[in-house]
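Chemist: task: produce atomic coordinates for the following.
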Amino acid sequence: MSQKNETLSLFLAVVITISLMFGGLWFLMERWAKLTVVNQPENNNLRNSNTVTNQPGNSNTIPPIAVNSKCEVPNLPQGTYNYGGSTTWAPIRKDVDSQLQNLCPQFSLRYIQPINEKPGSGTGIKMLIANQLAFSQSSRSIKAEENTEAQQKGFSLKEIPVAIDGIAIAVNQNLNIPGLTVSQIKEIYTGKITNWQQLGGRNLLITPYSRSKEAGGTVDFFIENVLNKENFGAKVNYINTTTEALRKVAANPGGIYYGSAPEIVPQCMIKSLPIAGSNNKFVPPYQQPSVSPSECPNKRNHLNSQGFRSGEYAITRNLFVIVKQNNQTDQQAGEAYANWLLTSQGQELIEKAGFVKIK
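Modeler: Predicted structure coming up:
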């Protein structure tokens, strides 16, 4: 019996010893694992940064709070607002309005095009009067008949100038004339001047290009302020877009086209001409010295902002936000949008989009 007791005691001692050894080993492994996690802060930071990046809508993350805190537009209503109008405004819609959307996501803008008409200032105002838009963008002033039509609907229209644009004249790179006066441009487009030889150039027929009268504000402005409300001549060729017109001018030695300066001045395929007003002083729409065709597109011409702002350049205009005066949220949305464009931030973005600050 004593031998059996000794054997049993020895067995139990071995079992207890092995258990203690495994227990101690398990404890040490657990402790080591915890210490490893605690002593790797860079992994914790990486994990946290991935959480922020992959879950931008999480209210506990920093980016949305930072974005919302930057939305400082007074009287800005919440909701989705339809707007539309001038094709000249396209760079502003792309590069400026997108910034407002990022800053103030609660104010959503939706650009609406007309169904059976071409987009433009005129169709934008027409849609505004028809209550299809909250506000519109225009490259010309409101016409008296448009305000009359709006008043028949129970409200009036207000134009808020927010930027300055110029009309630039594009010609073929090989055309050798120093510039054009506003009077000469008028005579070209009304059919009184038909050959570049009449303007000091070589014997070459002039091919004037224009968008159609229905195209919008730029054509309306040109007819009103350059042609003095006279009709286009019979030789004018109508095209759909500025891009199409510039390609035709580049291919046609006698071609000429007018359009918004930011769309023409930086182009490599054509050149823009200096323009003279009543004082016969030629002022270029680009900054001096001009960029030669061989340097383009690595370098491009930039707008003569000083000449546009001072009025020294002969053909300039304002860009307007057209707002309903109806004491409703549409008016609030339009006025808040225009007021934001007139802030220092909005004006800087407008200049980066290729236009000239109005203030």
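Chemist: domains in the protein, by residue range?
Modeler: 68-164+319-357, 166-317 (automatic domain parsing).
Chemist: could you dump those domains to CSV with mean neighbour count?
Modeler: Placement of C-beta: from N, CA and C, glycine included. Formatted as CSV, these follow (neighbours: other Cβ atoms under 10 Å):
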stretch, mean neighbour count
domain 68-164+319-357, 19
domain 166-317, 18
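Chemist: let's have the ones you listed in CSV, adding mean pLDDT.
Modeler: Shown next, in CSV, are the domains of the chain (pLDDT from 0 to 100):
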stretch, mean pLDDT
domain 68-164+319-357, 95
domain 166-317, 96
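Chemist: and residue 188, helix, strand or coil?
Modeler: Following DSSP: H, G, I helix; E, B strand; the rest coil, residue 188 is assigned to helix.
Chemist: what sits against it?
Modeler: Residues in contact with residue 188 (Cβ atoms under 8 Å, 6 or more residues apart in numbering) are 180, 194, 206, 208, 256.
Chemist: and if you look at residue 341?
Modeler: 96, 162, 163, 321, 347, 350.
Chemist: list the contacts of the residue nearest the centre of the chain.
Modeler: The residue lying closest to the centre of the chain (Cα atoms, centre = their mean) is residue 92, at 2.6 Å. The contact partners of residue 92, by Cβ under 8 Å, 6+ apart, come to 137, 163, 319, 350, 353, 355.
Chemist: looking at those residues, which are in strands?
Modeler: 137, 163, 319 (DSSP state E).
Chemist: name whatever forms a beta bridge with the spatially closest residue to the last one that is not a sequence neighbour.
Modeler: In this case it means residue 319. Leaving aside its sequence neighbours, residue 319 sits nearest to residue 163 (Cβ to Cβ, 6 or more residues apart in numbering; 4.2 Å). Bridge pairing for residue 163 (DSSP bridges) gives the partners residue 319, residue 357.
Chemist: residue 331: which element?
Modeler: Element membership for residue 331 (DSSP states H and E) is helix 329-341.
Chemist: which pair of the contacts of residue 188 spans the longest distance?
Modeler: Farthest apart among those by Cβ to Cβ are 180 and 194. That separation is 14.4 Å.
Chemist: isn't residue 231 up against residue 186?
Modeler: No - Residue 231 lies out of contact with residue 186 (Cβ atoms under 8 Å); the separation is 11.5 Å.
Chemist: doesn't residue 147 belong to a helix?
Modeler: Yes - judged by three-state DSSP, residue 147 forms part of a helix.
Chemist: correct me if wrong: it contacts residue 159.
Modeler: No - between residue 147 and residue 159 there is no contact, the gap being 9.7 Å when judged by Cβ under 8 Å.
Chemist: and for residue 249, nearest residue in space, chain neighbours not counted?
Modeler: Nearest residue to residue 249 in three dimensions, chain neighbours excluded: residue 255, at 3.7 Å (Cβ to Cβ, 6+ apart).
Chemist: no no, residue 268
Modeler: Excluding its sequence neighbours, the residue lying closest to residue 268 (Cβ to Cβ, 6+ apart) is residue 296, at 3.7 Å.
Chemist: phi, psi for the one you found please.
Modeler: phi -90, psi 140 (degrees, to the nearest 10).
Chemist: heads up, I number from 19, so please use that
Modeler: With 19 as the first residue, the last one maps to residue 314.
Chemist: how close does it get to residue 90?
Modeler: Distance from residue 314 to residue 90, counting by Cβ to Cβ, to the nearest Å: 40 Å.
Chemist: got a list of what the closest residue to residue 333 other than its chain neighbours touches?
Modeler: Leaving aside its sequence neighbours, residue 333 sits nearest to residue 185 (Cβ to Cβ, 6+ apart; 4.2 Å). By Cβ under 8 Å, 6+ apart, residue 185 lies in contact with 236, 239, 240, 244, 276, 277, 278, 279, 333, 334, 335.
Chemist: SS state for the residue lying closest to residue 242 once chain neighbours are set aside?
Modeler: Using Cβ to Cβ, 6+ apart and skipping residues adjacent in sequence, the residue nearest residue 242 is residue 158, 7.5 Å away. Recorded secondary structure, residue 158: coil (three-state DSSP).
Chemist: quick check: residue 158 vs residue 197, distance?
Modeler: Distance from residue 158 to residue 197, by Cβ to Cβ: 25 Å.
Chemist: in three-state terms, label residue 215 for me.
Modeler: Assignment for residue 215 (three-state DSSP): helix.
Chemist: picking up where we left off before, so the residue nearest to residue 267 is in contact with residue 192, correct?
Modeler: No - counting by Cβ under 8 Å, residue 273 stays clear of residue 192, with 10.7 Å between them.
Chemist: helices of the chain, residue ranges please.
Modeler: 20-56, 59-72, 80-87, 108-113, 115-121, 139-147, 162-170, 200-207, 235-243, 260-269, 279-282, 323-328, 347-359, 362-370 (DSSP state H).
Chemist: residue contacts, the residue nearest to residue 242?
Modeler: 139, 235, 236, 238, 239, 242, 335, 338.
Chemist: I figured residue 151 hits residue 129, correct?
Modeler: No - Residue 151 is not in contact with residue 129 according to Cβ under 8 Å; the separation is 9.6 Å.
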